[in-house]
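Visitor: Test case, fold it:
(4 chains)
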There are 2 protein chains.
Amino acid sequence: MPRTPASTDVFHAVAEPRRRELLGLLSSGERPVTALVRELGWPQAQVSKHLGVLRGAGLVCVRPEGRQRFYHVQPEPLKAMHEWTAMFERHWTRQVDRIKARAESAASNPTKEIR
Amino acid sequence: MPRTPASTDVFHAVAEPRRRELLGLLSSGERPVTALVRELGWPQAQVSKHLGVLRGAGLVCVRPEGRQRFYHVQPEPLKAMHEWTAMFERHWTRQVDRIKARAESAASNPTKEIR
DNA sequence: TCAATATATTCCCATTTGGGAATATGTCAA
DNA sequence: TTGACATATTCCCAAATGGGAATATATTGA
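Guide: As a prediction, this is how the structure comes out:
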């Protein structure tokens, strides 16, 4: 059974907190690698490697300019993730409803045990 | 540098496609392990192991009943993921706008090169 | 052409991961 | 108590992962 490698799978790619941080940074605008290295404070090799994974997952795109490479976010795959999680939206809204109902019931019956 | 283990981190937990499948199944309602094994067709040990990871990440909850254990989705952590991806929403909506604008411009200037 | 700059890739290593098989644990029913 | 059933855990293994250090590649300017 082949596992889905982080190098091509969006979910795996963003599972790494560092890569989320990197993406977050890029979300505020296109940047060359040097800028990322400076802002993140990581070794350059690591930044490049993480960018490589994000690139493989289609989460970022490169625009070469001279000897620099400007990276920017490619949001499509994240949209898929967003939609997958949305599948469970009704669960958490329902849960909030339950909690609210419980709180209200507790407020009107102060002696009653909360459960 | 400690990595975030799949056993406690939501993003890692959900990075595994099998676990997404499992969650998807559970999203349609609480079930005992036996039912999951039957519906998924995986070895029982694997189902239990994946459930263990999901449990560790707070994504599912157990309700013991006799010798069975009923699992159900615990949506809170997914909400966090949903919100994280939402951070990039403006990117994909903007991108759609760009694509639309391009298509419209192409439609009104049929001879112009698309870029 | 040569040196400097920007970035990617390679090699090595410790750790984690998921699968398979076997086994342990807990619960019920006879 | 004993055996069947439901589920979790352990052990072993091959593969993948991220970090560090070093090195390769490409581009620009002197």
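Visitor: surely A:Gly58 meets A:Leu78?
Guide: No. Assessed by CB atoms under 8 Å, A:Gly58 is found out of contact with A:Leu78, at 9.7 Å. Any C-beta I mention is one placed from the backbone N, CA and C, and that applies to glycine too.
Visitor: Which residues are in contact with each of these two?
Guide: Residues touching both A:Gly58 and A:Leu78 by CB atoms under 8 Å, 6 or more residues apart in numbering or on different chains: A:Val10.
Visitor: Those two: which is more packed in?
Guide: Counted by other CB atoms under 10 Å in any protein chain shown, A:Gly58 and A:Leu78 do not tie: A:Leu78 has more neighbours, with 26 against 16.
Visitor: Would you confirm that that one contacts B:Arg90?
Guide: No. Counting by CB under 8 Å, A:Leu78 stays clear of B:Arg90, with 11.3 Å between them.
Visitor: Quick one: mean pLDDT over whichever helix or strand A:Arg38 is part of.
Guide: Assessed by DSSP states H and E, A:Arg38 sits inside helix A:33-40. Taken as a whole, helix A:33-40 carries a mean pLDDT of 98.
Visitor: who's in contact with it?
Guide: Applying CB under 8 Å, 6+ apart, the set of residues contacting helix A:33-40 from outside is A:21-22, A:25-26, A:31, A:43-44, A:47-48, A:51, A:68-69, A:71.
Visitor: Report whether it contacts DNA strand D.
Guide: No. Using CB under 7 Å from any atom of the strand, helix A:33-40 never reaches DNA strand D; the gap is at least 10.7 Å.
Visitor: Only the buried residues of the very next helix or strand once past that helix, if you could.
Guide: Sequence-wise, the next helix or strand downstream of helix A:33-40 (DSSP H and E) is helix A:44-56. Under the neighbour-count criterion of 16 or more other CB atoms under 10 Å in any protein chain shown, helix A:44-56 has A:Val47, A:His50, A:Leu51, A:Val53, A:Leu54, A:Arg55, A:Gly56 buried.
Visitor: Which ones among the residues you listed also lie next to DNA strand C?
Guide: The subset of these within reach of DNA strand C, by CB under 7 Å from any atom of the strand, is A:Val47, A:Leu51.
Visitor: all helices for chain A, in order.
Guide: Assigned by DSSP state H, the helices in chain A fall at A:10-15, A:17-26, A:33-40, A:44-56, A:76-86, A:89-108.
Visitor: Looking at those helices, which is nearest to B:Ala86?
Guide: Closest to B:Ala86 of the helices of chain A, according to CB to CB: helix A:76-86, at 6.4 Å.
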